[in-house]
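Chemist: Got a predicted structure plus its sequence, pasted below:
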Amino acid sequence: MDKKNFSSIGNEIKDSVRKAVNTRDFNQLNKDIGNTINNTLDDFKSSIGYNHNNSKNRKKCDNKHIYNERYKDRHYRYNHHSNNPPCEENQVNKNKDISNYMQFVKPVGRISGILFTVFGSIGLGLFGIAIIVMGILGYVLDNSLFYTILKGLAPLFGVSIFLTGKGGSIRKRLKRFNKYIKYTKNKNYCMIKELSNYTGFKKRFIIKDLRKMIYLGMFPEGHLDDQKTCFMLNNESYDQYLKLQEKVKAEKLEKEQEVSKKTKETSNDEIKNSELKKSIEEGKSYIRQIREANDVISGIEITKKLYQLEDVTRKIFNYVESHPEKLSDIQKFMDYYLPTTAKLLNAYKELDMQSSQGENICSAKMEIENTLDTINLAFENLLDSLFQDVAMDVATDISVLNTMLKQEGLTEKDF
């Protein structure tokens, strides 16, 4: 029944109706339509009875094998312990493979497609004839009653057209379904591109078609991947796909986080390098100001103090340049101490340039000179604090070394 071209049913009925109208002989019309429908129903019944006939044939095969098995050597049967005869065993294995595959596919619509086509064709024939007859009678007898009946039959004729079209659509879908399962047989998944090459359908159409079939339950465990490039026939394959997707997403996220981290670190390093470079340039600028002030200011004592100030300031910035992590430790030194020192030196230069050195000027200059002693001491303490970590590391290394030497007995004077 599946191989029968159902589209010929409607054509046969239409030909019968056309012939009856042309010849004005409606006696044979009912018989022709009846024969067409009966033949269709007979084919339908024979398709349903196919499995029943297969069952009978299998029983014949089993009986024949049992008859032959009785004449086999008893020693042969004992050694092989055969529980199932070959014919039955082959049939069981075949049925098992088919059963395993068929749990993933269901030809939904096989019966409904036939019924829609049959009853739609019957409706097309009956209501089509009735409409033609009512139209002829209404025209010949010029009676509006027949036209009224014709209008009432028109919706029924429309329903028949719908049923026939629906049946044809279902049968076409089943035909495509058979193509799909023929290609995917013994497979857990297939690529949409490969299925398109095999069937000749466009990929977009196949995706839409498979979605519809999955919705109808024709592929009970069918799934499409997110990219709509792969079709999976069972949940096991889909679960593997989901796990793979999760792994890919996790790897992608990890890679993105790693790139983001590196970018952030690079950005931070660039910022730190920029800040360090800026601080070193400012430090060099202050050192130049101290040197320029020393060149202008006269006086042996203050000159010594300025040389000392220049030297300790240069050492601080040289150390920070070699150890950028210490930049934060001299932040107050940069923001307050150096600017204040530069301001005092500028004031001293201005006072020293005065031609008349009065009591107030001399007092102010003396106050600045004394302050320079405090500043030099503070800067030297700052430099010393920068080496605190180094000193601690050295002390720790020495302590560990002494302990190890003592444990080995290498510090004893007498051997």
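Modeler: Now that the structure is in, tell me what you want to look at. Numbers count the residues shown, from 1 in each chain.

Chemist: Which residue ranges of the chain form strands?
Modeler: For the chain, the strands defined by DSSP state E cover 189-191, 223-224, 230-232.

Chemist: other SSEs contacting the longest helix along the chain?
Modeler: Scanning the chain for the longest helix, with DSSP state H as the assignment, gives helix 235-296. Applying 3 or more C-beta pairs under 8 Å, 6 or more residues apart in numbering; DSSP states H and E, one finds that helix 235-296 contacts strand 223-224, strand 230-232, helix 300-322, helix 338-352. In short, each C-beta sits where N, CA and C put it, glycine included.

Chemist: Now with 10 Å, please.
Modeler: strand 189-191, strand 223-224, strand 230-232, helix 300-322, helix 338-352 (3 or more C-beta pairs under 10 Å, 6 or more residues apart in numbering; DSSP states H and E).

Chemist: Make a markdown table from the ones you listed and add mean neighbour count and distance to residue 211 to it.
Modeler: As requested, these are exported to a markdown table (neighbours: other C-beta atoms under 10 Å; distance: least, C-beta to C-beta, whole Å):
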| stretch | mean neighbour count | distance to residue 211 |
| --- | --- | --- |
| strand 189-191 | 15 | 15 |
| strand 223-224 | 18 | 7 |
| strand 230-232 | 22 | 10 |
| helix 300-322 | 17 | 67 |
| helix 338-352 | 16 | 74 |
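
Chemist: Residue 268: which of these is closest?
Modeler: With C-beta to C-beta, the closest approach to residue 268 among those belongs to helix 300-322: 17.8 Å.

Chemist: so what does the closest one touch, helix or strand wise?
Modeler: Packed next to helix 300-322, using 3+ C-beta pairs under 10 Å, 6+ apart, are helix 235-296, helix 338-352, helix 359-386.

Chemist: ok so, going back, CSV please, covering the strands of the chain and showing distance to residue 181 and mean pLDDT.
Modeler: Converted to CSV, those look like this (distance: least, C-beta to C-beta, whole Å; pLDDT from 0 to 100):
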stretch, distance to residue 181, mean pLDDT
strand 189-191, 11, 91
strand 223-224, 16, 92
strand 230-232, 11, 92
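
Chemist: Can you lay out those as TSV showing distance to residue 243?
Modeler: Compiled in TSV, these are given as follows (distance: least, C-beta to C-beta, whole Å):
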stretch	distance to residue 243
strand 189-191	14
strand 223-224	13
strand 230-232	13
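
Chemist: who's in contact with residue 229?
Modeler: 191, 192, 193, 203, 207 (C-beta atoms under 10 Å, 6 or more residues apart in numbering).

Chemist: How is this protein divided into domains?
Modeler: 7-169, 268-407 (automatic domain parsing).

Chemist: comparing these, which gets the lowest mean pLDDT score?
Modeler: Per-stretch mean pLDDT for the domains of the chain is lowest at domain 7-169 (a mean of 63).

Chemist: Count the neighbours of residue 239 for me.
Modeler: 12 (other C-beta atoms under 10 Å).

Chemist: Could you do the one 5 residues further on as well?
Modeler: Other residues near residue 244 come to 11 when the count uses other C-beta under 10 Å.

Chemist: gap between it and residue 207?
Modeler: Going from residue 244 to residue 207 by C-beta to C-beta, to the nearest Å gives 20 Å.

Chemist: Phi, psi for residue 188 please.
Modeler: Taking degrees, to the nearest 10, you get phi -90, psi -20 for the backbone angles of residue 188.

Chemist: pretty sure it is touching residue 223, no?
Modeler: No: look at residue 188 against residue 223 with C-beta atoms under 10 Å: they stay out of range, at 11.0 Å.

Chemist: Give the residues shared as contacts by those two.
Modeler: With C-beta under 10 Å, 6+ apart, residue 188 and residue 223 have common neighbours 232, 233, 234, 237, 238.

Chemist: Now the third one, what are its backbone angles?
Modeler: This points to residue 234. phi -140, psi 160.

Chemist: and the residue nearest to it when sequence neighbours are not counted, what is it in contact with?
Modeler: Closest residue in space to residue 234, ignoring its immediate chain neighbours: residue 221 at 4.6 Å, by C-beta to C-beta, 6 or more residues apart in numbering. Applying C-beta under 10 Å, 6+ apart to residue 221 gives the contacts 103, 104, 105, 214, 232, 233, 234, 235, 236, 237, 238.

Chemist: Take the residues you listed and write them to JSON lines, including distance to residue 324.
Modeler: Compiled in JSON lines, the contacts of residue 221 are given as follows (distance: C-beta to C-beta, whole Å):
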{"residue": "103", "distance to residue 324": "68"}
{"residue": "104", "distance to residue 324": "65"}
{"residue": "105", "distance to residue 324": "69"}
{"residue": "214", "distance to residue 324": "62"}
{"residue": "232", "distance to residue 324": "56"}
{"residue": "233", "distance to residue 324": "62"}
{"residue": "234", "distance to residue 324": "60"}
{"residue": "235", "distance to residue 324": "58"}
{"residue": "236", "distance to residue 324": "57"}
{"residue": "237", "distance to residue 324": "56"}
{"residue": "238", "distance to residue 324": "54"}
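
Chemist: Farthest-apart pair in those residues, please.
Modeler: Going by C-beta to C-beta, the pair spanning the contacts of residue 221 furthest: 214 and 236, at 16.2 Å.

Chemist: So for these two, which residue has more residues nearby?
Modeler: Neighbours per residue, other C-beta under 10 Å: of residue 214 and residue 236, the larger number sits with residue 214, 16 against 11.

Chemist: quick one: contacts for that one?
Modeler: 220, 221, 222, 223, 224, 231.

Chemist: ok, the residues you listed vs residue 362, which is closest?
Modeler: residue 224 (95.6 Å).

Chemist: Can you tell me how far the closest one is from residue 356?
Modeler: Applying C-beta to C-beta to residue 224 and residue 356 gives a distance of 99 Å.

Chemist: Also residue 276?
Modeler: 46 Å.

Chemist: Looking only at neighbour counts, state which of the two leads.
Modeler: residue 276 (16 against 5).

Chemist: Any idea how many residues pack against the closest residue to that one other than its chain neighbours?
Modeler: Spatially, and ignoring its direct neighbours in sequence, residue 276 is nearest to residue 324 (4.9 Å; C-beta to C-beta, 6+ apart). Neighbours of residue 324 under the rule other C-beta under 10 Å: 16.

Chemist: for residue 355, same thing?
Modeler: 4.

Chemist: now it: how far from residue 361?
Modeler: Distance of residue 355 to residue 361, computed by C-beta to C-beta: 10 Å.
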